[in-house]
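**Q** Coordinates for the following, if possible.
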Amino acid sequence: MSWTGVILDMSEVRFVMGPDETMRPSPYLRRDILRHTGSTMKTERPVDNDHVLYHHRTQGKAVEGVHIRGVIGGMRAKGLSVDVLSLPGADPYAPDRAISPTVQTTALAKLVSALPEPLFEAVEFAYNFIVAWRVWRYLGRRPDTRFIYERYSMYLFATTLIARWMNKPIFIEVNDSAFVERVRPLFFAGLARAVERWVLRRATGLIFVSTRFQDIVAQRCPGMAPAIVSPNAADIDQFSFSASQRASVRERYGFDGAVVCGYLGAFVPWHAIDSFVEKVADRLAEAPRLKLLLVGDGATFAKVAAFVSERGLADRIVLAGRVRHSEVPELLAAMDLAILPSAGSYTSPVKLFEFMACGVAPVAPDLDPICEVLESGRTGWLFPTGDLDAAVDVVIARSAEPDRLREVGDAAREYIRAERQWVNNVEQLLAFSRSLHEERGYAAGEAAISRV
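**A** Got it, this is the predicted structure:
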């Protein structure tokens, strides 16, 4: 009999749910945790047992994993006990690997992603039957669950259905939508939109990453549930470094005496890092101390690498390639400013917050979601969206002002420390929960909301 694939993340000890309804240690369970608990089956929970189920249908890799771990970590910091239910084999807490966002992590994921679009969407829809069974069985075993937090995926309605049936509040984090342009266009677009409207109108509450995204969806889905805007975040503790650590990584890459402009993310056409490199290369002579550190890979990486080689710019443009997320803070420590050549018109780039958390002043397009969190001239600089010549102008000009870069970088880090850590997002969620409870009188979740 096969495993159900339910992954439960209890405090710092992870388990999987077996077919015999018993809890078994995950293969990712650390030996030091086993020694600490004294038993492979023992785990400590907060005294108040304020319990939350986090459900997602992603592979839990790359930026998805960063966001999932961030939200769960914020919940735990507020005293909540969180269990995670996900796709079989999708564990955002698995050992850190340098995973490309465009690469599938399991054989099953590779097979499904290669299906023709109609079949791919049919599989997504059919997965609701599995989700319904898992969530129903889980809530049957854990009737003390206070609320469900779900990262929305296309065609996913079963969690909301079961939550309503079992009278459990459910909060939907909306990161994808059938109402926006997608990299993989929908074949059954009408069905996807109907499902999404059904879910968004029946959830307890919704969480969007930007006001722009909320407005787009609200226009196409009148009568949707109450919503809040909660941009992405970063934890200061994960992006702190000493002067000696900064000096060490800069020495390793040959950055002594240089002003380093960094990039972090996928090398894909819509991020425009290839176009930015081509434009800035022609003007490097204007800024003799300026060097670039580009971190990531993807479809346009080979193009950028070939361009750098052909132009003989290997000493000015360093390509670090794909790295583990745990290695990102070290690379950010080498940077003085960072460039985001492009971004989604409604998205909230995680890398923007990671730059700021590390005290690296970002240069970014003036898209609405970025303007919500970046104050030009104080915590970074903005340029007109799509105008890469203007972006290069800013980078060239600021590279001659190291003291100003430090001042803006420090202000950006302070903003993250005070307002945009993951625990801040969870505090906003809990306040939202309390307000809905007061308005609607939800019985479920009352104890958790009042105690946190």
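
**Q** tell me, what residue is most central in the protein?
**A** Nearest to the geometric centre of the chain sits His67, at 3.0 Å (C-alpha atoms, centre = their mean).

**Q** wait, what's in contact with that one?
**A** 151, 175, 232, 350 (C-beta atoms under 8 Å, 6 or more residues apart in numbering). The C-beta positions use only the backbone N, C-alpha and C, and glycine is treated the same way.

**Q** quick one: it from Asp144, how far?
**A** For His67, the distance to Asp144 equals 26 Å [C-beta to C-beta, to the nearest Å].

**Q** hang on, the earlier thing: could you check the pLDDT of the residue nearest to the centre of the chain?
**A** Model confidence at His67, expressed as pLDDT, equals 90.

**Q** thinking again about what came up before, turn the contacts of His67 into JSON lines, including distance to Pro118 and neighbour count.
**A** Shown next, in JSON lines, are the contacts of His67 (distance: C-beta to C-beta, whole Å; neighbours: other C-beta atoms under 10 Å):
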{"residue": "Arg151", "distance to Pro118": "24", "neighbour count": "22"}
{"residue": "Asn175", "distance to Pro118": "23", "neighbour count": "20"}
{"residue": "Asn232", "distance to Pro118": "33", "neighbour count": "25"}
{"residue": "Val350", "distance to Pro118": "32", "neighbour count": "21"}
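
**Q** As a markdown table, those with distance to Asp274, secondary structure and pLDDT would be great.
**A** Compiled in a markdown table, those are given as follows (distance: C-beta to C-beta, whole Å; DSSP: H, G, I helix; E, B strand; the rest coil; pLDDT from 0 to 100):
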| residue | distance to Asp274 | secondary structure | pLDDT |
| --- | --- | --- | --- |
| Arg151 | 30 | strand | 95 |
| Asn175 | 26 | coil | 89 |
| Asn232 | 24 | coil | 96 |
| Val350 | 21 | helix | 93 |
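
**Q** Turn these into TSV, columns for distance to Leu337.
**A** Formatted as TSV, the contacts of His67 follow (distance: C-beta to C-beta, whole Å):
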residue	distance to Leu337
Arg151	32
Asn175	28
Asn232	20
Val350	18
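
**Q** with these in mind, which one is nearest to Leu139?
**A** Arg151 (18.1 Å; C-beta to C-beta).

**Q** Strands along the stretch 251-400 of the chain, start to end?
**A** Ranges of strands within the stretch 251-400 of the chain are 259-264, 290-295, 317-321, 337-339, 361-365, 381-383, based on DSSP state E, counting those that start in this stretch.

**Q** so which of those gets nearest Gln428?
**A** strand 361-365 (22.6 Å).

**Q** Pull the residues that contact the closest one.
**A** Residues from elsewhere that reach strand 361-365 (C-beta under 8 Å, 6+ apart): 261, 336-343, 349, 352, 355-356, 370, 374, 379-386, 391, 394-395, 398, 405, 408-409, 412.

**Q** ok, 7 Å please
**A** If you take C-beta atoms under 7 Å, 6 or more residues apart in numbering as the criterion, strand 361-365 is touched by 337-340, 342-343, 352, 355-356, 370, 374, 380-383, 385, 391, 394-395, 405, 408-409, 412.
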